[in-house]
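A.B. asks: sequence first, then the predicted structure, then my questions.
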Amino acid sequence: MNRIRLACLALTGLLGSSWAGSQAFTSYQGICDASAAVALDADHFAVADDEHNTLQVYRRGVPKPVGSLPLKDFLDTAKESDLEGAATIAGVTYWIASHGRNADGEFRKDRHRLFATEVVPGATPPTLRTVGQDHRDLLEDLKNAPALKPYAIEAASQRAAEAPGGLNIEGLAATPQGHLLIGFRNPIPAGGALVVPIENPRELLSRKPAKLGQPIELPLDGRGIRSIERVDSHYLIVAGPPADEGSFALYRWSGKAGDKPVPLAVDLQTLRPEALFQVPGTKSVQILSDDGAVEVGGVTCKKLPQAQRSFRSITVELGPR
């Protein structure tokens, strides 16, 4: 990952009347690598850090976390699971790991997890608990899906996650039908980002095989998917390079396989966005940055003591379309 220096920034140049307003970033403490997030209510959100198997709960605008959910025992993991995406369906939030090999091309079983959480009723602030069992065979489901044979998932899974043609999952979104959409950072077949539907997400929590729908290829100018989220009647996609080098961009997509995503003219500057969600009851979205490589006093964030770690976030108001 490129080294990035902390800087105050704001989102500018929003596309036409589709977006309105911008806001300087807010820093949240305790973790650097904000890799997936969901809103819990209008004031709170949960964040996964791809370096640790703990979910953090924050109150919007308050730097320190107000709760957490350790997952090591539930996931039965010795190393980090590389959690990368999240989506909520009917009060149940699904979290997905990268399902990819590490930077050295080594297989890590800890990274093969899909699981779910929910908010404990009546808890203030919102408190998370796990739901059902974790699913550990999604890679096999992907390999065995007839519709995915043209994408050589088996071969991709043998390469390092960020290597050309490697396998790396970073996005997860809910559909109006109660399905999930998996967004791939890698591979990028013919320059199009890969999206694969899961049609039976709830069954995965009892470790039944995934029923996978027809894959979709989205032209994102050679980028992969870093985050995908349903916002009102469409999806917002954070797109970025399959490896470390390259630029990030934000797109709006109708959700229809034949429709091309529309780029939004947003200057992300040094932000490395890897998670976004709509703030409930508003026309705003919150965008989170993976700041593991941000330098603070010459030391990268992920190497700092936990009390000194932080990530940046920006809230942007959506205007009339």
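C.D. replies: Right, received. Where do you want to start?
A.B. asks: quick one, phi psi at the closest residue to residue 210 other than its chain neighbours?
C.D. replies: Closest residue to residue 210 apart from its sequence neighbours, by Cβ to Cβ, 6 or more residues apart in numbering: residue 141 at 4.0 Å. Quick note: C-beta positions are derived from backbone N, CA and C, even for glycine. Main-chain torsions, residue 141, degrees, to the nearest 10: phi -60, psi -40.
A.B. asks: got it, and the one 5 residues further on?
C.D. replies: Main-chain dihedrals, residue 146, degrees, to the nearest 10: phi -60, psi -40.
A.B. asks: and the pLDDT for it?
C.D. replies: We have a pLDDT of 96 for residue 146.
A.B. asks: quick one on the thing from earlier: state the distance from the residue nearest to residue 210 to residue 200.
C.D. replies: Distance, residue 141 to residue 200, using Cβ to Cβ, to the nearest Å: 10 Å.
A.B. asks: so between the two, which is more surrounded?
C.D. replies: residue 141 (20 against 14; other Cβ atoms under 10 Å).
A.B. asks: which residue is nearest the middle of this structure?
C.D. replies: residue 85 (3.3 Å; Cα atoms, centre = their mean).
A.B. asks: spatially nearest residue to that one (excluding sequence neighbours)?
C.D. replies: Closest to residue 85 by Cβ to Cβ, 6+ apart is residue 172, at 3.3 Å.
A.B. asks: run a quick check on that neighbour versus residue 179, I expect a contact.
C.D. replies: No - assessed by Cβ atoms under 8 Å, residue 172 is found out of contact with residue 179, at 11.1 Å.
A.B. asks: neighbour-wise, which of these two wins?
C.D. replies: A count of neighbours by other Cβ under 10 Å puts residue 172 above the other of residue 172 and residue 179, at 27 against 17.
A.B. asks: phi, psi of that one?
C.D. replies: Torsion angles, degrees, to the nearest 10, at residue 172: phi -150, psi 130.
A.B. asks: list the contacts for it?
C.D. replies: Neighbour list for residue 172: 36, 84-87, 94-96, 180-183, 228 [criterion: Cβ atoms under 8 Å, 6 or more residues apart in numbering].
A.B. asks: tell me the first helix or strand C-terminal of the helix or strand harbouring residue 194.
C.D. replies: Residue 194 is part of strand 192-198, with elements assigned from DSSP states H and E. Downstream of strand 192-198, the next assigned helix or strand under DSSP H and E is helix 201-204.
A.B. asks: sheet partners, orientation included, of the helix or strand following that next one?
C.D. replies: Following helix 201-204 in sequence order, the next helix or strand is strand 216-219 (DSSP H and E). Strand 216-219 has these partner strands in its sheet, going by DSSP bridges: strand 192-198 (antiparallel).
A.B. asks: list residues touching both of residue 141 and residue 200?
C.D. replies: Counting by Cβ under 8 Å, 6+ apart, the residues touching both residue 141 and residue 200 are residue 210.
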